[in-house]
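Chemist: Give the three-dimensional model of this entry:
(one chain, ligands or ions: 2)
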Amino acid sequence: MPELRQDFATKEWVIIATERAKRPEDWVRQEPLEPLPEHDVNCPFCPGNEAKTPPEVFSLREVNSQTNGPGWRVRAIPNKFAALAAPPEESPRLVRSRHGLYLQMPGIGYHEVIIESPRHNKSPATMSVTEVVEIILAYQTRYVELDRDPNVQLITIFRNHGPLAGASLRHPHSQLVATPVVPLHIRHRLYEAQRHYDALGTCVFCDMLDFELQEKERVILANEHFAAFVPYAARVPYEIWIVPREHQASFGQSTIEQAAGLAAVLQAVLSRLYHGLGDPDYNYVINTAPHHSSGEPFYHWHLQILPRLTTPAGFELGSGMHINVSLPEEAAAHLRSAGEPDPKKTAED
Ligand SMILES: [Zn+2]
Ligand SMILES: [Zn+2]
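Modeler: Ligands and ions are numbered 1, 2, ... in the order given. This next block holds a predicted model:
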């Protein structure tokens, strides 16, 4: 029997199609991606090609290395093909205007690329935790900096991995988009979280995290600062949430200590996806409170990983409702065991 499950935070219903459910081994990538060289002379993100990108706005680099030259470990640059135009010097207050009955406003904001490693063939799944910490530090620094612009309402940090996830360049990178409006998707989440808080006086995400840690069935792993689990009403196979254990509405409030905790969990989870499913394409996104809700007791930032193992079709597009053909508990169990050494392999080696 298929089952409908409701997401506790968003109140979204999902069809868990257990009849059509696939086994964990069915999701493993059959044809591995073409291996990449460590350096590609034609790649604009590889060291030595810094002049091919806009000047950097942040970098972590070796002492004595020159800004906009090689010697960096992580580097943030404005996106050359930005979705929103950077404001001129002093950001003018953005105003909405009318086109007949329609509303419009200038497309001002920020669109940046965080180049995660000088090595062309790396990804967080194959990096050391120390390397991932530096990526998170770059996210935090750029977040805090751009959040100061009064026109910025929401900052979305995301990573597209693989062609199905929309990655056009293979060199490891994440992106950040700062928008002058709060999109409907986030408004809806805030609204539901506030309703929960008004009724029960608790944060819906804190409640969900407590329940998951108590039930353990969908938990993949946890450390002092973060927990990773497959949500009860996962919308896609192997959806994963990484949630800070301390209540925090905005990613901008996260500390350096938490950066290390997040890096450890994120690296471990991505490594399990890599080994457990053969490096699937995925998007991850940091879902955070908008600027004016950054201190709210009802919102709680989290990182969502959405593997691209299935393609949304007509029903999903028409209804907005997802059909998930993987059982969340089974996905969590598979990812838990993907981190443990394979007993068969050790016996053979
Ligand atoms: Zn490259
Ligand atoms: Zn909370």
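
Chemist: Please make it C-alpha for all contacts and neighbour counts, starting now.
Modeler: Noted.

Chemist: Give me the pLDDT value at Ala86.
Modeler: pLDDT for Ala86: 89.

Chemist: wait, Gly339
Modeler: On the pLDDT scale, Gly339 is placed at 77.

Chemist: just for the stretch 1-150 of the chain, where's the confidence low?
Modeler: 91 (pLDDT under 70).

Chemist: Which positions in it make contact with ligand 1?
Modeler: With CA under 5 Å from the ion as the criterion, the stretch 1-150 of the chain meets ligand 1 at residues 43, 45-46, 120.

Chemist: rerun that using 8 Å as the cut-off
Modeler: 38-47, 118-121 (CA under 8 Å from the ion).

Chemist: got those as a markdown table, with neighbour count and secondary structure columns?
Modeler: Output for those, formatted as a markdown table (neighbours: other CA atoms under 10 Å; DSSP: H, G, I helix; E, B strand; the rest coil):
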| residue | neighbour count | secondary structure |
| --- | --- | --- |
| Glu38 | 12 | coil |
| His39 | 16 | coil |
| Asp40 | 16 | coil |
| Val41 | 11 | coil |
| Asn42 | 8 | coil |
| Cys43 | 16 | coil |
| Pro44 | 15 | coil |
| Phe45 | 29 | coil |
| Cys46 | 21 | coil |
| Pro47 | 21 | coil |
| Pro118 | 21 | coil |
| Arg119 | 18 | coil |
| His120 | 23 | coil |
| Asn121 | 16 | coil |
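
Chemist: any idea which of the residues you listed is closest to Glu330?
Modeler: Asn121 (30.7 Å; CA to CA).

Chemist: is it true that that closest one touches Glu34?
Modeler: No - Asn121 is beyond contact range of Glu34, at 10.5 Å (criterion: CA atoms under 8 Å).

Chemist: Run through the strands of the stretch 51-200 of the chain in chain order.
Modeler: 58-61, 72-78, 97-99, 102-104, 110-115, 154-161, 173-179 (DSSP state E, counting those that start in this stretch).

Chemist: Any chance of those strands in CSV with mean neighbour count as columns?
Modeler: As requested, the strands of the stretch 51-200 of the chain are exported to CSV (neighbours: other CA atoms under 10 Å):
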stretch, mean neighbour count
strand 58-61, 17
strand 72-78, 22
strand 97-99, 10
strand 102-104, 9
strand 110-115, 24
strand 154-161, 24
strand 173-179, 23
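
Chemist: between the ones you listed, which one is nearest to Leu327?
Modeler: For Leu327, the closest of these is strand 154-161, at 23.2 Å, according to CA to CA.

Chemist: Now do the closest one against strand 110-115: the angle between them, please.
Modeler: 40 degrees (axes from the mean of the first three to the mean of the last three CA atoms, to 10 degrees).

Chemist: Helices along the stretch 51-200 of the chain, start to end?
Modeler: 129-146, 184-200 (DSSP state H, counting those that start in this stretch).

Chemist: Please identify the deepest-packed of those helices.
Modeler: A comparison of the helices of the stretch 51-200 of the chain by mean neighbour count, using mean count of other CA atoms under 10 Å, puts helix 129-146 on top with a mean of 19.

Chemist: Next one: the residue of the stretch 151-300 of the chain found nearest ligand 1 relative to Asn42, how far apart?
Modeler: Of the residues in the stretch 151-300 of the chain, the one nearest ligand 1 is His171, at a distance of 4.4 Å by CA to the ion. Distance of His171 to Asn42, computed by CA to CA, to the nearest Å: 11 Å.
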